[in-house]
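In: sharing a model that was predicted from the sequence below.
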Amino acid sequence: MSADLKPLTGANMAPDTPVLSVQDLTVAVRTQGGLLPLIRNISFDLARGETLAIAGESGSGKSITSLAIMGLLPPPAVRVTGGCIKLGDRTLTGMPEPELRAVRGNRVAMIFQEPMTSLNPVMTIGTQLIEAIRAHEPISRAAARRQALEALSAVRLSEPTRRMGQFPHELSGGMRQRVMIAMALALKPDVLIADEPTTALDVTVQREVLDLLRDLQASHGTAILLITHDMGVVAEMADRVVIMRKGVIEETGRVDDIFAAPQQPYTQALLAAVPRMGQGGRAVPRPDAPVVAELRDVQVRFDLRGGVLNRVTHRVHAVEGVSLDIRAGETFSLVGESGCGKSTIARAIVGLVPHTGLIRVGDQTVGTMTAQARKRLSAATQIIFQDPMAALDPRMTVGDQIAEPLLIHGTGDATSRRARAAALMEKVGLTTAQLDNYPHEFSGGQRQRICIARALALTPKLIIADESVSALDVSVQARVLDLLRSLKDEFGIAMLFISHDMAVVENISDRVAVMHLGQIVEVGSRAQIFGNPQHAYTKRLMAAVPIADPRAQRPDTPRMSGDIPNPVHPAGAIVARHLMQEVTSGHMVAVPG
Amino acid sequence: MTAATTNTRAVPESAWTRLRRRKMAMFGLALVILIVGAAILAPWIAPYDPFEQKFDGLTMFGEPLPPGGAYVLGTDLLGRDLLSRLLYGARTSLIIGVVANGIALVIGTVIGLTAGFFQGWIGAILMRFTDLMMAFPALLLAICLAAIFQPSLWIVAFVIAMVNWVQTARVIYTETSALAARDFIAAERTLGASTPRILFKHILPHLVPMIIVWGTLGISTTVLLEATLSYLGVGVQPPTPSWGNIIFENQTYFQSAPWLVFFPGAAIVVLALAFNLVGDALRDVLDPTLRGSD
Amino acid sequence: MAAYLIRRLIQSALILLGVSFITFFLLYVLPADPVRQIAGRSATPETVANIRAQLGLDQPFIVQYGRYLAGLFHGDMGRSYLQKTDVATLIMSRLPASLLLMVAGIGAELVVGLTMGVVAALFRGRVLDNTLMMTSFVTVSAPQFVVALLLLYVFAVQLGWFPIGGYGTPAHLVLPAMTLGILGSGWYARMMRSSMVEVLRADFVRTARAKGLTRSRVILRHALPNAILPIIAMIGIDIGIFMGGIVVVEGVFGWPGIGQLAWQAIQRVDIPIIMGVTLVSAFAIVLGNLLADLVAPLIDPRIRIR
Amino acid sequence: QETLDPNAVSGGNITVTYKDDVATLDPAIGYDWQNWSMIKSLFDGLMDYEPGTTTLRPGLAESYEISEDGLTFTFHLRPGVKFHNGRDMVAEDVKYSLDRVTNPATQSPGAGFFGAIAGYDAITSGEADTLTGVTVVDPATVEIKLSRPDATFLHVMALNFASVVPSEAVDAANGDFGKMPVGTGAFKLGDWTIGQKLVFEKNADYWRAGLPYLDTVTFEVGQEPIVALLRLQNGEVDVPGDGIPPAKFQEVMGDPAQAARVIEGGQLQTGYITLNVTTPPLDDVNVRKAINMAINKERITQLINNRAVPATQPLPPSMPGYTEGYAGYAYDVEAAKALLAEAGLADGFDTELFVMNTDPNPRIAQAIQQDLAAIGVNASIQSLAQANVIEAGGAGTAPMIWSGGMAWIADFPDPSNFFGPILGCAGAEEGGWNWSKFCNAEIDAEATAADSMIDPADPARMQMWSDVYMKVMEEAPWVPVFNEQRYTMKSERMGGADALYVDPVSIPVNYDYVYVTE
Ligand SMILES: Nc1ncnc2c1ncn2[C@@H]1O[C@H](COP(=O)(O)OP(=O)(O)OP(=O)(O)O)[C@@H](O)[C@H]1O
Ligand SMILES: Nc1ncnc2c1ncn2[C@@H]1O[C@H](COP(=O)(O)OP(=O)(O)OP(=O)(O)O)[C@@H](O)[C@H]1O
Ligand SMILES: [Mg+2]
Ligand SMILES: [Mg+2]
Ligand code: NI
């Protein structure tokens, strides 16, 4: 693709005029009580070739701001009530829909938060790209196709020609996000708005997407408006940053300045909350503490059926011979890229998926269980699911849901259960007034805390936290981590912590296991893994973590553009197991080969 | 989400309070009450005996009388007062449209829910059975059952329930399978919740919107199905009136005596609509994600 | 794919077997005697017994059913008691008409219903939406016979646009298909509306708009195919409902389909015809469901056939 | 021999519609409303009727002789009659046809009519495969011997069931003769699209010179009566086979132009209620009489737009043997109540009334129900499919049945036709068509005696039949309700005497004699 810039609107424009200028923007939602502002008096400029980051906690109005720029505020309730948005010398606010349509995609493009749902599931990638191009350029289908292919190559998607004919569900999250970027960049827009482009991706993929954005910006000179709550991403990507909170701008400035000397207390708190590698607290390996959970040669396979008799033809080897011990009072972390089998182990421990091999929690062997044994197991171990929204029943009040385990286990009466639910709510930092609210009325972080409260209701011996903080913004994340840590100390609960965020893992763990394709490739104490990573895969994971310091220089990592490694094998196939070798006491590494 | 949580309501409103605020729902409810009331009070409010073939109810040539005059909605082909027959017919039609349809919904829900939740061989057997019933001509089944058992209102209601559960079962099955795979159900399992608890406390409430949609659509179809059965001679036996069989008895007269088709037809539409208004509102009110949007 | 088809066909065969058994049983216990119909009013008891024996109706149920099945496996659906001719011939001469009507009817139903649903969804909460949803209730509550006659009266008799009943040309098809289309559209309108409302909120629709596509393209190319997905399963269910409702429409429009054949056969307990029509319509339903399941992945690539 | 209509023009096509499909055109089997007259035009029997009347005349037999004892009939066949396939019709064909219709393998519903022919029992029991009573004297002469005298035998020979069919065509059809009929009639089957239409073509070689007038007759089946009438009004249909639907009756009669094309005629039909004499309390003759008195026949005829006349006895007025001046049981509620009280049922009783489920029968049943309620008899209605009502009637489980829609249009114009299967002992057994299960040996004997008389029109015989029916009325196993009148409508261009359109045998119209005027 050529590196020359698309001429900006109008010849009369001075080179230093901002491409995008937002002045006093106010967006309000119409409610029964009148207009309720969502964002107030937002102003910022975006210069050519610049990256401006908008950071801030969840619900601060970041997405609303970007949607206002695109003219895509959800009708009819939400609309712009004041201020103006200018693209070059054209005013976008109040522009009639057909004209606005010509601007969208062509001059301003947007990448949405959710790569999984932002592409039309029933259209091929190619069609979606081509139609975007042809909506703005009167060119033939063949020409548009060529252009689309170029765009796909530009985002370094492997086998672009084949991808053109594929459907979104056939691509991984990272690949879909690249398609979104290709689509946004195919028309060489002046401004690219990226709303949390990497939140849903795991570290290694996040790394690649960020690199890609930077490269494209360098070659096209596109101005990027980057929305994120990850301060690491801000530090790495942005030239300037806008900090938002509750619909207003708290602070604006150059990235270096803000990180070095934040002016507002909120910004200071935000930055303080960012977990950084190498800042882990005391780690206390407890080799003598009693074993709470014991896994021996655990294996989980999912059958894929087919054929006339619907017999098993393939199997997903999700977990392949995993053995580990979790001791009382310790935090054991499991890390690894998406699809490596972390959640499956978690589910096997609580008996949600059938397994072979031995899993013992306390004195309870997990397997085919009677209803009574099931209940006893649930009293001993609890899981906090990856997605808190999905794990709560949307049609039951949170109070009832927190009290439900007590009800199931026949503890206390209605009033005492409610009192306990109220106490738990307070323990996780929510108010008792919210007991009768429904899950959708809470923010993501709050929901996660509700899940924690529910998990604590039975005071289990082991809590499994599956990616419990990945989707939260830093300030909330810090609060939840603190909470988990204090609960662990208070009740002596053991914790299996699953995450792909190495910084968080380093902060919270006592011991760490690294998983790859269903097997553990390295296990040891936090110090051993982070201080002396042995396996190539572990090293790559470490390198992918963004550093929340604009001055830090990350060494270049080799880029991959391949698929997620595939754990599917034909039925009956035997998968080679890694041989583990002890490096130092308690630090085991898979022997390469 | 912060903004949304700041205006937390301290006292949650009951579903009824919220329902009461909706004008259309209240209108629908009023209609339902009106119809049910009319059905119950038929003997007191009907101007004439619904079975009496009035001497002055037909013209010399045996034609029914049009609306107006002594017979407000006109008379039928036997010279009976149409209004009185409609009022009494409401009883039959309510039993068919509400009770029979309700039983069908319950059967469909139970089968769909069981099959969708347990999958495995129970699910397979139930769904194959459902497929079989779907492939089986409902009308033939109805005719045979009714002929074997001798038609009466309750047999007819039973027959209608027997043929009408199939579609509901299919739809509920699909929905339940999807629900059962969701994380919050897994969460319930890890909490040690019993199967009945998961089914009734956590899955069933999510099926309510679907049940309401099929239930309200089912009202008019079952009322008409009863009429078809009457037409085939296996429905509610004459002279018992039902809205459906009034239409069917007189449908060939739609040109010469349109009132005989129009009024009962309108009654069915109003009944279905009334339940729909209430159902729609109820669905919204019971859906906590829509709370505050009213 | 082939394996899937074979598996489904085996399943279908089992379903048909079940249908044949139940129907045969119901007809066996039905309080009506086909021999009386055949023998006529002046027949002596000996004649009646003789005919009963000839038809094998004096045999135990299992023997009768076994014979019927054996016949079926040899492609023999038996002979009509009263028409004294092969049931297969009778059905085959009428089946094309029924299938044509069914396809056209479902087509009309979909066109009318889906359009109503989409329009209602686009104008959600406005007067047009309410009017359309109200209309959908009227159509599901309307008696078939009356609607059929009304259309016939207005469009054929009064306006003379179409022939008054009959079969043969496309013009003949319009009114019967329209009747079925109007009557069934209400269901689809309601389903489509809620499906469409949901899809219009989806992220990918926002993406499509962000690309600067025209409104019509966003609706027709992006929202519509996705909104139709849940409707496809409905069509499978609908074929069953359809087969039951076709009799009246065939009657009014003089459409020579199997509905009329079945109707007469039921009135006169012509068991071989009833069995034949039941099996053929069950087959159509099973096949329709299979087709719906095969079409679904064409529209939704996420559904994979295994 | 044949007097042709001087106004008649040859050629043209008419369109006739029916709701129900034509099941078969096999004369040995067809016994439906719509195929009866079609078969009449495709086939001929030895005997025939004057068009538009109930007067017998020779058909394929040019002449016939009856022996003194009335047991031997000798028929002399008309020479030069050809089947549609071109072959000459001979005496062998007559014998073959009679053998065929009586052979149990044919499953003819009309076999019972031939019970008087010698050897009938042997063939029905399977001991013989030919009727010993039928002999071919020479190719032009057939002799038929009866085992007992049968005054109605010539009528029987005029029935469709006695039609002469060519054996080679029956064999060639391989069981499907009903779909590929070959006869000697005025028309031959042209085209048959199953479920849609049949086209009859003129038989150019028809033995009645000059007939038929029409070139073709098209029958369109599967047409709802109300739609057929709309089409008639639109000029697309010439004769609606199912008549004028009740819903349209007043409209048609109210318009003079249309009313002028309506033809009214009598019909050999009686609508009645059977009272099961074996079921208490209907086994009490007083109860049956009370019920007879309770029915308001005038009102019931009004309900069907006065398209009938109230009946007093089983026979319709146009049937020979009808008792003139008999008033029957007059409508008298008080007298009825008194009779009931006498029977010890002053408070009435509960019973069931079975009825076939097609309009207007359930309506009539409701009117009957109301009349019964007036004397305290509480009858619940069982409105069922035809086959179920027939089953209940045959099994004797139905206390009362309204006959509408299922019976009884006479097969031939003779009083005996209303007795045998429906009022005689033979039909009273399990499964028979005598739904009142009325069996009186004395009356049966008198009926047999009347039928044994040789001359069917003998006034003494008519008197005997009149007696029989009067005695039946004494016992009151039926409530005769009305005799339906036929109302047919025709298109403007249809010609021919009105009588042809209300032909008592060829319903709805005698295709051989009608013509079109344009
Ligand atoms: N359609 C809507 N109607 C009413 N309020 C809305 C609507 N969409 C968003 N809001 C509110 O506007 C506020 C800002 O939302 P926005 O989506 O911009 O947050 P955000 O900063 O992007 O958060 P996140 O990091 O969670 O994506 C929130 O309080 C939210 O509840
Ligand atoms: N029910 C299932 N049927 C078939 N395959 C499954 C099933 N559940 C999980 N898998 C597969 O098993 C593998 C491991 O999945 P798992 O969810 O454990 O990964 P993970 O490490 O938790 O990934 P992530 O970080 O994305 O959550 C994946 O390839 C996944 O596709
Ligand atoms: Mg956002
Ligand atoms: Mg996971
Ligand atoms: Ni490896």
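Out: Ah, there it is. Ligands and ions are numbered 1, 2, ... in the order given.

In: what does the stretch 151-294 of chain B have sitting close to chain A?
Out: Remark: the part of the stretch 151-294 of chain B in contact with chain A comprises B:182-184, B:186-194, B:197, B:201-202, B:205-206, B:286-289, B:291, using C-beta under 8 Å from any C-beta of the partner chain. Just so you know, the C-beta spots here come from the backbone N, C-alpha and C atoms, and that holds for glycine as well.

In: from those residues, which would you call buried?
Out: Among those, those classed as buried by neighbour count (16 or more other C-beta atoms under 10 Å in any protein chain shown) are B:182-184, B:186-193, B:201-202, B:205-206, B:286-288, B:291.

In: so where do the helices sit in chain C?
Out: C:2-29, C:34-39, C:45-54, C:61-73, C:87-122, C:127-141, C:144-151, C:170-200, C:203-210, C:215-217, C:224-252, C:258-267, C:271-299 (DSSP state H).

In: got CSV for these, with mean neighbour count, mean pLDDT and distance to A:A543 too?
Out: Below are these laid out as CSV (neighbours: other C-beta atoms under 10 Å in any protein chain shown; pLDDT from 0 to 100; distance: least, C-beta to C-beta, whole Å):
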stretch, mean neighbour count, mean pLDDT, distance to A:A543
helix C:2-29, 16, 87, 45
helix C:34-39, 23, 81, 85
helix C:45-54, 18, 84, 90
helix C:61-73, 13, 90, 69
helix C:87-122, 21, 90, 49
helix C:127-141, 18, 85, 55
helix C:144-151, 22, 83, 71
helix C:170-200, 22, 87, 41
helix C:203-210, 23, 88, 32
helix C:215-217, 12, 88, 43
helix C:224-252, 22, 80, 40
helix C:258-267, 25, 83, 71
helix C:271-299, 21, 85, 41
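
In: how about the ones you listed in CSV, adding distance to chain D?
Out: Output for the helices of chain C, formatted as CSV (distance: least, C-beta to the nearest C-beta, whole Å):
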stretch, distance to chain D
helix C:2-29, 11
helix C:34-39, 5
helix C:45-54, 4
helix C:61-73, 15
helix C:87-122, 4
helix C:127-141, 22
helix C:144-151, 7
helix C:170-200, 11
helix C:203-210, 48
helix C:215-217, 42
helix C:224-252, 5
helix C:258-267, 5
helix C:271-299, 10
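
In: I'd like these laid out as TSV, including distance to A:E404.
Out: As requested, these are arranged in TSV below (distance: least, C-beta to C-beta, whole Å):
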stretch	distance to A:E404
helix C:2-29	40
helix C:34-39	61
helix C:45-54	66
helix C:61-73	53
helix C:87-122	37
helix C:127-141	38
helix C:144-151	50
helix C:170-200	29
helix C:203-210	32
helix C:215-217	46
helix C:224-252	31
helix C:258-267	54
helix C:271-299	37
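
In: among those helices, which is nearest ligand 1?
Out: helix C:203-210 (11.8 Å; C-beta to the nearest ligand atom).

In: give me the domain ranges for the chain.
Out: As the question left the chain open, I've gone with chain A. Using automatic domain parsing, the domain ranges for chain A come out as A:46-73+A:92-272, A:291-397+A:459-580.

In: if you could check chain C rather than the one you did, that'd help
Out: C:20-73, C:93-299.
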